[in-house]
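In: Mind looking at a prediction? Sequence and model below.
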Amino acid sequence: GIQVEQSPPDLILQEGANSTLRCNFSDSVNNLQWFHQNPWGQLINLFYIPSGTKQNGRLSATTVATERYSLLYISSSQTTDSGVYFCAVGSSYNTDKLIFGTGTRLQVFP
Amino acid sequence: DGGITQSPKYLFRKEGQNVTLSCEQNLNHDAMYWYRQDPGQGLRLIYYSQIVNDFQKGDIAEGYSVSREKKESFPLTVTSAQKNPTAFYLCASVRDSSEKLFFGSGTQLSVL
């Protein structure tokens, strides 16, 4: 099945810094989503982005499907950005089944 | 309030016991999913359902069972055959595969 790798596994930042999280996938996809899991376990959907670029406030995401990667940018990070960021993909052969990466754990300190 | 409700928040299972986790959504979504998350790990797919009375196995279905008798409800039963059930269980739903997936707040299952 499709493999999803995220990097870096851990990231520690000071408030105000910018960061880039990466998601690589091993096969063609028709579905790609980014999620943030807060320290209480709640998963929030940040983007549905199988291709192209989207922005939402301080967050933006870019997916280059032909090169099999997606990037999540966080600018001017805040302590509330802490948590785990997951990328999930659905292959072109089965978009109904979303496969998650192992995540990037982000800690933002004041 | 529209959303996905999981209950209970915490659940304890004795050896040899079956337990059922509830997931209800009022978003009128067609597809529903169950994921398992172990500490420090990603999410792994247990079962999913695209329509009422139909469901498919995910990557780790052994020791679990589901039903989809109503569009709003997708309960997960953790059977005694699941030898390592301690984990955080997350239910999700989506209108169709070209839209965002939304999650409930999860159930933490532990073994006594």
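Out: In hand now; what should we look at?

In: now the helices for chain A?
Out: Counting by DSSP state H, one finds no helices in chain A.

In: what does it put close to chain B?
Out: A:1, A:30-31, A:33, A:35, A:40-45, A:48, A:86, A:88, A:90, A:95-103 (Cβ under 8 Å from any Cβ of the partner chain). Yep, even glycine has a C-beta here, placed from its N, CA and C like the rest.

In: Show me which residues of stretch B:40-57 are buried.
Out: Residues of stretch B:40-57 classed as buried by neighbour count (16 or more other Cβ atoms under 10 Å in any protein chain shown): B:Gly42, B:Leu43, B:Arg44, B:Leu45, B:Ile46, B:Tyr47, B:Tyr48, B:Ser49, B:Gln50, B:Phe55.

In: ok, now stretch B:10-20?
Out: B:Leu11, B:Arg13, B:Val19.

In: That stretch near chain A anywhere?
Out: No. Judged by Cβ under 8 Å from any Cβ, stretch B:10-20 makes no contact with chain A; its nearest approach is 11.6 Å.

In: likewise stretch B:90-102?
Out: Yes. If you take Cβ under 8 Å from any Cβ as the test, stretch B:90-102 does meet chain A, through B:Leu90, B:Ala92, B:Ser97, B:Ser98, B:Glu99, B:Lys100, B:Leu101, B:Phe102.

In: Can you give me the end-to-end span of that stretch?
Out: From its first residue to its last, stretch B:90-102 covers 10 Å (Cα to Cα, to the nearest Å).

In: Other residues contacting that stretch?
Out: Applying Cβ atoms under 8 Å, 6 or more residues apart in numbering or on different chains, the contact partners of stretch B:90-102 are A:30-31, A:33, A:43, A:45, A:48, A:88, A:90, A:95-96, A:98, B:3-4, B:6, B:21, B:23, B:25, B:27-37, B:43, B:74, B:76, B:103-104, B:106.

In: Give me the subset of those that lies in strands.
Out: Among the contacts of stretch B:90-102, DSSP state E puts A:30-31, A:33, A:43, A:45, A:48, A:88, A:90, A:95-96, A:98, B:4, B:6, B:21, B:23, B:25, B:31-37, B:43, B:76, B:103 in strands.

In: now the end-to-end length of stretch B:97-112.
Out: 38 Å.

In: so how far is it off the chain centroid?
Out: 6 Å (Cα atoms, centre = their mean, to the nearest Å).

In: So for that stretch, what gets flagged as buried?
Out: B:Ser97, B:Leu101, B:Phe102, B:Phe103, B:Gly104, B:Ser105, B:Gly106, B:Thr107, B:Leu109.

In: can you redo those as TSV with pLDDT?
Out: Output for those, formatted as TSV (pLDDT from 0 to 100):
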residue	pLDDT
B:Ser97	77
B:Leu101	94
B:Phe102	96
B:Phe103	97
B:Gly104	97
B:Ser105	96
B:Gly106	97
B:Thr107	97
B:Leu109	96
